[in-house]
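Undergrad: sequence-free structure coming up:
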């Protein structure tokens with residue numbers, strides 16, 4: 001039994017993808033790379049711009065807060081509380097401002113005129129508020145000289161970009177602007193980029209699939225033509241390759257057209273080669289038929305003259321009698337070979353056979369009886385169904401199938417071999433089988449036992465010569481009846497089978 005190839009585990013890799021899948025994957029990968037690179041550059045540049053704007057807003061807020069040499073007067077509305085600066089009255093472009101004054105020892109500065117703490121911030125909800133002790137500590141801990149730094153001040157306040165400047169009295173003035181507007185804008189931009197990339201992938205995938213399918217349609221038609229040619233029976237008989245790649249797909253100006261044109265050229269060459277082969281085979285078959293027919297007359301004459309010498313009244317020397325007997329025997333053998341060649345030539349030419357009901361059971365019994373008479377040293381057995389088995393065909397040729405199979409078993413097996421002839425209906429077919437327990441057929445010979453002039457002398461003992469045409473006649477007659485032949489052989493078990501259409 002042939003060993004089946006092992007299938008790879010898991011899904012096939014990219015090397016096994018179709019060309020359509022590879023092109024679509026390449027387009028999507030290229031689109032993804034371009035979108036990611038463009039999006040990353042856009043987000044990074046936007047972030048850099050927004051951070052620069054925050055820094056400018058912070059500088060504006062610091063300038064409006066007061067003189068860098070001392071604390072400014074922030075109680076402009078006379079309510080005793082230092083109001084925060086807003087975008088309209090403070091830093092340009094800033095919506096939320098933080099102002100914090102610190103003494104040299106880190107305490108919150110108070111305005112000496114109003115006793116109000118210099119600690120004001122705009123909360124997330126837009127209300128005015130002040131920093132608690134924890135937030136003030138975080139601001140103080142995060143200050144890094146004159147460089148602006150981001151500080152997270154809790155859920156209610158949010159994140160601020162802050163910077164500090166020294167005052168005249170040695171304290172510190174801290175001013176900050178909220179980063180929420182810039183962060184929200186950056187988050188929206190990032191969501192837009194991601195969403196656009198996903199939507200773009202879907203659109204490019206769908207559109208690319210349609211474009212690729214339409215672009216590869218000519219290649220599909222070329223492949224369909226190749227598959228159609230592969231189903232044709234090109235091994236024997238007259239072959240006409242009427243299949244060609246359509247003219248529109250054989251335009252040499254395109255890549256697919258070049259493939260189609262090459263296939264059409266190849267099919268033209270193959271058709272010419274097959275026609276030349278057919279012409280050569282027909283000439284050989286005609287020669288064999290003519291030669292076989294012409295040889296029948298001289299062979300009949302040789303046999304006739306050999307028989308006449310036996311009827312002479314005058315005594316013939318024993319040596320001459322032996323020689324004449326050998327001439328007659330070899331002439332008979334040569335006549336059988338000529339008849340076999342002539343039969344094969346007629347079958348090759350498609351000459352129709354007789355079509356009439358044939359009782360295969362009766363043929364099998366007669367053939368086995370003849371085989372028993374020819375080789376009584378073999379054990380001949382019959383295995384027939386209870387009811388007669390009938391087919392439609394040429395009775396003489398079907399008898400020749402059985403006779404040749406039995407002669408093959410008789411010739412190539414030693415004395416005492418058990419040979420069983422059986423008939424079995426199998427659906428719409430009838431199986432004729434001849435089995436023996438002889439030495440068997442080598443594996444390398446089993447594939448060609450039905451070819452002409454094939455002999456198995458090296459593996460199976462034989463008591464007499466063989467033309468090598470018996471099994472080829474079995475195959476030819478079986479095929480002429482619309483059937484097929486099979487062989488299965490192991491040491492001690494060899495079976496030849498012919499399957500014929502049932503009546």
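TA: That came through, no problem. Predicted model only: the values in this text are computed from it and were never measured.
Undergrad: Identify the residues contacting residue 470.
TA: 340, 404, 407-408 (C-beta atoms under 8 Å, 6 or more residues apart in numbering). In this view, the C-beta of every residue, glycine as well, is placed from N, C-alpha and C.
Undergrad: Next up, phi/psi of it, please.
TA: phi -60, psi -50 (degrees, to the nearest 10).
Undergrad: so residue 108 touches residue 102, yeah?
TA: Yes: contact status for residue 108 versus residue 102: in contact at 6.5 Å, counting by C-beta atoms under 8 Å.
Undergrad: Name all residues that sit in contact with these two at the same time.
TA: Common neighbours of residue 108 and residue 102 (criterion: C-beta under 8 Å, 6+ apart): residue 136.
Undergrad: the more surrounded of these two?
TA: residue 102 (21 against 16; other C-beta atoms under 10 Å).
Undergrad: With residue 137 as the reference, measure out to the more buried one.
TA: Residue 102 is 11 Å from residue 137, where distance means C-beta to C-beta, to the nearest Å.
Undergrad: ok, now residue 205?
TA: Residue 205 is 54 Å from residue 137, by C-beta to C-beta.
Undergrad: swap in residue 478?
TA: Residue 478 is 103 Å from residue 137, by C-beta to C-beta.
Undergrad: Please say which of residue 205 and residue 137 ends up with more neighbours.
TA: Applying other C-beta under 10 Å to residue 205 and residue 137 shows that residue 205 carries more neighbours, namely 15 against 12.
Undergrad: residues in contact with that one?
TA: By C-beta under 8 Å, 6+ apart, the neighbours of residue 205 are 24, 28.
Undergrad: same thing but 10 Å
TA: By C-beta atoms under 10 Å, 6 or more residues apart in numbering, the residues touching residue 205 are 24-25, 27-28, 31.
Undergrad: got it, and residue 450?
TA: With contact set as C-beta under 10 Å, 6+ apart, residue 450 has these partners: 470-476, 478-479, 485-487, 496.
Undergrad: how about it, phi and psi?
TA: phi -90, psi 0.
Undergrad: Leaving out chain neighbours, which residue sits closest to it?
TA: residue 475 (4.1 Å; C-beta to C-beta, 6 or more residues apart in numbering).
Undergrad: what's the burial count for the one you found?
TA: Counted with other C-beta under 10 Å, residue 475 comes out at 22.
Undergrad: Between which two of the contacts of residue 470 is the distance greatest?
TA: Using C-beta to C-beta, the contacts of residue 470 span at most 13.2 Å, a distance reached by 340 and 408.
Undergrad: Look at these two and report which has more neighbours.
TA: Using other C-beta under 10 Å as the criterion, residue 340 and residue 408 rank with residue 408 on top: 23 against 20.
Undergrad: Are we agreed that that one is in a helix?
TA: Yes: per DSSP: H, G, I helix; E, B strand; the rest coil, residue 408 lies within a helix segment.
Undergrad: Could you pick out the buried ones from the contacts of residue 450?
TA: With burial judged by 16 or more other C-beta atoms under 10 Å, the buried subset of these is 470-476, 478, 485, 487, 496.
Undergrad: and these, which of them are in strands?
TA: Under the assignment DSSP state E, the buried ones among the contacts of residue 450 contribute 485, 487, 496 to strands.
Undergrad: which among those gets closest to residue 318?
TA: Closest approach to residue 318 among these (C-beta to C-beta): residue 496, at 42.6 Å.
Undergrad: quick revisit: residue 240: which of the contacts of residue 470 is nearest?
TA: Using C-beta to C-beta, the contacts of residue 470 come closest to residue 240 at residue 340, 30.9 Å.
Undergrad: The closest one against residue 473, yeah?
TA: Yes: judged on C-beta atoms under 10 Å, residue 340 makes contact with residue 473 at a distance of 6.1 Å.
Undergrad: List the buried residues of stretch 253-266.
TA: Neighbour-count burial for stretch 253-266 [16+ other C-beta under 10 Å]: 256-257, 259-261, 263-264.
Undergrad: and if you look at stretch 374-383?
TA: 375, 378, 380.
Undergrad: can you give me the helices in the protein?
TA: 19-65, 133-142, 180-230, 255-310, 318-348, 360-374, 395-411, 443-446, 470-480 (DSSP state H).
Undergrad: Between helix 19-65 and the third one, find me the angle.
TA: Between the axes of helix 180-230 and helix 19-65, defined by axes from the mean of the first three to the mean of the last three C-alpha atoms, to 10 degrees, the angle is 170 degrees.
Undergrad: roughly how far is helix 180-230 from the heart of the chain?
TA: Remark: helix 180-230 is offset 23 Å from the chain centroid, using C-alpha atoms, centre = their mean, to the nearest Å.
Undergrad: Next: the longest one.
TA: For helix 255-310, the separation from the chain centroid amounts to 40 Å (computed by C-alpha atoms, centre = their mean).
Undergrad: Give me the mean pLDDT for it.
TA: For helix 255-310, mean pLDDT is 78.
Undergrad: and of the buried ones among the contacts of residue 450, the nearest to residue 59?
TA: residue 487 (99.0 Å).
Undergrad: Which strand residues bridge the closest one?
TA: residue 496 (DSSP bridges).
Undergrad: check contacts around it.
TA: 441, 445-447, 449-450, 471, 475, 494-497.
Undergrad: Please apply the same query to residue 425.
TA: Neighbouring residues of residue 425 by C-beta under 10 Å, 6+ apart: 385, 387, 389, 431, 502.
Undergrad: change it to 6 Å
TA: By C-beta atoms under 6 Å, 6 or more residues apart in numbering, residue 425 lies in contact with nothing.
Undergrad: Could you do residue 39 as well?
TA: residue 193.
Undergrad: related to what we said a few turns ago, with pLDDT and distance to residue 199 added, can I get the contacts of residue 450 in JSON lines?
TA: As requested, the contacts of residue 450 are exported to JSON lines (pLDDT from 0 to 100; distance: C-beta to C-beta, whole Å):
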{"residue": "470", "pLDDT": "83", "distance to residue 199": "76"}
{"residue": "471", "pLDDT": "88", "distance to residue 199": "71"}
{"residue": "472", "pLDDT": "87", "distance to residue 199": "70"}
{"residue": "473", "pLDDT": "87", "distance to residue 199": "73"}
{"residue": "474", "pLDDT": "89", "distance to residue 199": "71"}
{"residue": "475", "pLDDT": "89", "distance to residue 199": "66"}
{"residue": "476", "pLDDT": "88", "distance to residue 199": "69"}
{"residue": "478", "pLDDT": "90", "distance to residue 199": "66"}
{"residue": "479", "pLDDT": "89", "distance to residue 199": "64"}
{"residue": "485", "pLDDT": "92", "distance to residue 199": "65"}
{"residue": "486", "pLDDT": "92", "distance to residue 199": "62"}
{"residue": "487", "pLDDT": "92", "distance to residue 199": "65"}
{"residue": "496", "pLDDT": "94", "distance to residue 199": "69"}
